[in-house]
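*Asks:* Got a predicted structure here, sequence first:
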Amino acid sequence: MPACETKYFGRVRYEDGVTVQFAGGLPGFETLHCFLLLEDAARKPVVFLQSLEDPHLCFLTVPVWSVDPGYHLKIPDDDLRALGLAPDRQPAIGTEVICLAIVSVAADGTSTANLLAPVVIRRNSGMAVQAVRDDAQYGSRHLLLGPVEEAPCW
Amino acid sequence: MLVISRRAGESIVIADGIEIEVLETGHNRVKLGIRAPREIAVLRKEVELTRHENQAANRAIPSDLLSSVLGKLHR
């Protein structure tokens, strides 16, 4: 069973065939192709998208439906092809694809999710893309959490 | 901002070697063709935004702040 170093969970063993493959990388990280999804019941709904090629790179993500239960996909044709899907229809979230939004946490704790560019992973093959929408339906900085207040010091 | 009106089939040229041609205009969409040297990156603006967001998402988060954020997001 292969194993890898991770940013938040130390050394993790994983089964062959569960990796997530971004043939073209992600915008800004075009040279990283191979990732692992890590979940922790105590951290739900956050899903950790850990790079297998860079142990220090791990995106925090949340399922798009945990942010917006009405979220619908609009994957551009090129990205559908990269997923091995025909360009005439959008895949179903949940049954066909896992759909995650990458979370950014600012220095004051303000957390936003990128609904403009969901990470879409095919369940049956692990093929993945970050599918940047070409409509203006969702923003790249959807607010999840405002500033985190400091606990008062007594 | 420089504003220029163009019809399908017409182009604009930027500096040396970058040409943007209007290929098709629809009622809410314009199809553009872009000719540029290989070393010039041509990206949809949304992709550029996502590149910045991804880099921001990869900034180190102090571990106490991270636990607090994960705690608040937990359901």
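*Replies:* Cool, got the structure.
*Asks:* what pLDDT, on average, does the strand ranked longest in chain A get?
*Replies:* For chain A, the strand that runs over the most residues, judged by DSSP state E, is strand A:97-105. In this model, strand A:97-105 has a mean pLDDT of 97.
*Asks:* Can that strand be said to contact chain B?
*Replies:* Yes. Remark: strand A:97-105 sits within contact range of chain B at A:102-105, by Cβ under 8 Å from any Cβ of the partner chain. Just so you know, the C-beta spots here come from the backbone N, C-alpha and C atoms, and that holds for glycine as well.
*Asks:* do the same with stretch A:75-95
*Replies:* No. Judged by Cβ under 8 Å from any Cβ, stretch A:75-95 makes no contact with chain B; its nearest approach is 8.9 Å.
*Asks:* Format the residues of strand A:97-105 next to chain B as JSON lines; extra columns: neighbour count.
*Replies:* Listed next are the residues of strand A:97-105 next to chain B as JSON lines, based on neighbours: other Cβ atoms under 10 Å in any protein chain shown:
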{"residue": "A:I102", "neighbour count": "25"}
{"residue": "A:V103", "neighbour count": "25"}
{"residue": "A:S104", "neighbour count": "23"}
{"residue": "A:V105", "neighbour count": "25"}
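*Asks:* how about the residues of chain B near chain A?
*Replies:* So chain B meets chain A at B:44, B:46-59, B:61, B:65-66, B:68-70, B:72-75 (Cβ under 8 Å from any Cβ).
*Asks:* filter these to the buried ones?
*Replies:* Burial by neighbour count, judged by 16 or more other Cβ atoms under 10 Å in any protein chain shown, picks out B:46-47, B:49-51, B:53-54, B:56-58, B:61, B:68-70, B:73 from the residues of chain B next to chain A.
*Asks:* What about those, which are in strands?
*Replies:* Using DSSP E, no member of these falls in strands.
*Asks:* what's the closest of these to A:S51?
*Replies:* Set against A:S51, the nearest of these by Cβ to Cβ is B:N58 (9.7 Å).
*Asks:* what's the nearest residue to that closest one if we skip its chain neighbours?
*Replies:* Residue nearest to B:N58 in three dimensions, not counting chain neighbours: A:L57, with 6.1 Å by Cβ to Cβ, 6 or more residues apart in numbering or on different chains.
*Asks:* Give me the neighbour count for A:R123.
*Replies:* Using other Cβ atoms under 10 Å in any protein chain shown, A:R123 is surrounded by 13 other residues.
*Asks:* What's the separation between the residue nearest the centre of chain B and B:S5?
*Replies:* Nearest residue to the geometric centre of chain B (Cα atoms, centre = their mean): B:K45, 1.6 Å. As defined by Cβ to Cβ, to the nearest Å, B:K45 lies at a distance of 21 Å from B:S5.
*Asks:* cool, and A:V120?
*Replies:* A:V120 is 38 Å from B:S5, by Cβ to Cβ.
*Asks:* So for these two, which sits in the more crowded spot?
*Replies:* A:V120 (26 against 6).
*Asks:* what helices or strands is whichever helix in chain B runs longest leaning on?
*Replies:* When chain B is parsed with DSSP state H, its longest helix is helix B:45-57. Here helix B:45-57 touches strand A:58-63, strand A:97-105, going by 3 or more Cβ pairs under 8 Å, 6 or more residues apart in numbering or on different chains; DSSP states H and E.
*Asks:* how about a markdown table for these, with distance to A:L52 added?
*Replies:* Compiled in a markdown table, the helices and strands packed on helix B:45-57 are given as follows (distance: least, Cβ to Cβ, whole Å):
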| stretch | distance to A:L52 |
| --- | --- |
| strand A:58-63 | 11 |
| strand A:97-105 | 17 |
